[in-house]
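Engineer: 3D model of this:
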Amino acid sequence: MKFRFETVLKVHKEKENLIKKELGVINTHMQNQMDRLRFMEGIAEEKKQELNQTLDQEMNIDKMVLYNNFFTGVKLEKTRQEQVISEVAEKLNLKKQDLVLSMMKRRTMEILKEREQSALKKKQLKTEIALNDETGSNQWRMNST
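Structural biologist: Numbering: from 1, shown residues only. Next up is the predicted model:
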């Protein structure tokens, strides 16, 4: 016998799979943004070391302005990148909450299915026992006469 809410269970499974895919896409985007931030920080650190090495040598004002502009740009870009990461993290958390809710709904339907199947098995067993009792009773009557 088919579970009476089988269609609803399938819908919940499909929705859960869709949310998992979306979560994967958001998670990948988050990793890419974090990699980008780490890359910027690495480049800035390299340039700081380069600047420290050139400070021992003669440095003209144009080069100092260039480094200053670079570090200012990196600082602004880092702030912007951290904002992007914050927004993506928020989306990621919301999608995780959606996934948990979807999993709970699916699990509820699976529990209902298990209960219905268990009740059906008990009913079939009860019917089988009653049939065996009837058969045994009939055989006893036939043998006793």
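Engineer: Okay, and residue 35 sits in which element?
Structural biologist: Per DSSP states H and E: residue 35 is located in helix 6-55.
Engineer: What is that helix packed up against?
Structural biologist: helix 61-144 (3 or more CB pairs under 8 Å, 6 or more residues apart in numbering; DSSP states H and E). All C-beta spots, glycine's among them, are computed from the backbone N, C-alpha and C.
Engineer: packing partners for the helix it packs on?
Structural biologist: helix 6-55.
Engineer: roughly how far is the helix holding residue 35 from the heart of the chain?
Structural biologist: Distance, stretch centre to chain centre, for helix 6-55: 14 Å (CA atoms, centre = their mean, to the nearest Å).
Engineer: I'd like the average pLDDT over it.
Structural biologist: Here helix 6-55 scores 93 as its mean pLDDT.
Engineer: do stretch 91-99 as well
Structural biologist: 96.
Engineer: Would you indicate which residues of that stretch are buried?
Structural biologist: Using 16 or more other CB atoms under 10 Å as the burial criterion, the residues of stretch 91-99 that qualify are 95, 98, 99.
Engineer: Closest to residue 22 out of the residues you listed?
Structural biologist: Distance ranking of the buried residues of stretch 91-99 against residue 22, using CB to CB, places residue 95 first at 5.9 Å.
Engineer: Quick check: the gap between the closest one and residue 88.
Structural biologist: 10 Å (CB to CB, to the nearest Å).
Engineer: Now the common contact residues for those two.
Structural biologist: Residues within reach of residue 95 and of residue 88 at once, by CB atoms under 8 Å, 6 or more residues apart in numbering, are residue 26.
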